[in-house]
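Participant: Requesting a structural model of the entry that follows:
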Amino acid sequence: MSSQKLDNNLISNVLLGERSAQFQLFELTKGMLYSICYRVINDEDEANDVLQDSYVEIFQKIHTLKNPEALLGWMKTITIRKAILQSKKKIHFEPIEEVKMEANEDFDSWFDAEMLDQAIRSLPDGARAVFLLIEVEGYSHKENSELLGIAESTSKSQLHYAKSLLKKRISKLLQA
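Facilitator: Numbering: from 1, shown residues only. Sure thing, here's the model as predicted:
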């Protein structure tokens, strides 16, 4: 989000259906919500489509929002659900090969956010979705399993698998 904050006046005007306030809300939140879409879907065009669908639903249902202070969280939830729904068409959970984790998981080299983002984007769809929802968005395994339509144990094993793959891929990138 930009440096401007969502103040109560803006939220009130959005709830009243004022187009200029809706546009301002869109401008303030589009980067954050697009980032969520792109991380889940991993495709720019599809992420833009989901973002557009999310805003349509947000503005159609905003009158149902009972707690205006929860606006951002509510918008993120709608966006995440739409992104997951779209990605379910292509998400599949690969069988997990036995991955042994070393006791020491620390990196002795420095890596940047771009390198981490590249490693996350290279994860298989299912493992990436689980990793992002739990580690980035803060969902629990129970919530994650409900959103993705998988068992809670699958969520846990896919998270472990994603972390193992990330460690290997970051180590590989550091050696390059």
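
Participant: Which strands and helices lie in contact with the lowest-mean-pLDDT helix or strand in the chain?
Facilitator: One helix or strand of the chain scores below all others by mean pLDDT, DSSP states H and E: helix 113-121, with a mean of 81. With contacts defined as 3 or more CB pairs under 8 Å, 6 or more residues apart in numbering; DSSP states H and E, the secondary structure elements packing on helix 113-121 are helix 125-131, helix 152-175. In short, each C-beta sits where N, CA and C put it, glycine included.

Participant: repeat that with 7 Å
Facilitator: helix 152-175 (3 or more CB pairs under 7 Å, 6 or more residues apart in numbering; DSSP states H and E).

Participant: Quick check: nearest residue in space to the spatially most central residue of the chain, chain neighbours excluded?
Facilitator: Closest residue to the average C-alpha location of the chain: residue 36 at 3.8 Å, with CA atoms, centre = their mean. Spatial nearest neighbour of residue 36, chain neighbours left out: residue 79 (5.2 Å); criterion: CB to CB, 6 or more residues apart in numbering.

Participant: next structured bit after the helix or strand where residue 59 lies?
Facilitator: Element membership for residue 59, per DSSP states H and E: helix 44-61. The helix or strand immediately downstream of helix 44-61 is helix 71-87, counting by DSSP H and E.

Participant: Could you check the angle that following helix makes with helix 44-61?
Facilitator: Angle of helix 71-87 versus helix 44-61, following axes from the mean of the first three to the mean of the last three CA atoms, to 10 degrees, is 130 degrees.

Participant: Quick check: mean pLDDT of stretch 64-71?
Facilitator: What stretch 64-71 shows for mean pLDDT is 87.

Participant: what's the straight distance from one end of that stretch to the other?
Facilitator: Chord length of stretch 64-71, first to last residue, is 11 Å (CA to CA, to the nearest Å).

Participant: just how off-centre is that stretch within its chain?
Facilitator: Stretch 64-71 sits 21 Å away from the centroid of its parent chain (CA atoms, centre = their mean, to the nearest Å).

Participant: hmm, who's touching it?
Facilitator: Applying CB atoms under 7 Å, 6 or more residues apart in numbering, the contact partners of stretch 64-71 are 6, 11, 15, 74.

Participant: Now, of the residues you listed, which are buried?
Facilitator: Neighbour counting by 16 or more other CB atoms under 10 Å classes 6, 11, 74 among those as buried.

Participant: how near is residue 17 to residue 49?
Facilitator: Counting by CB to CB, to the nearest Å, the gap from residue 17 to residue 49 is 24 Å.
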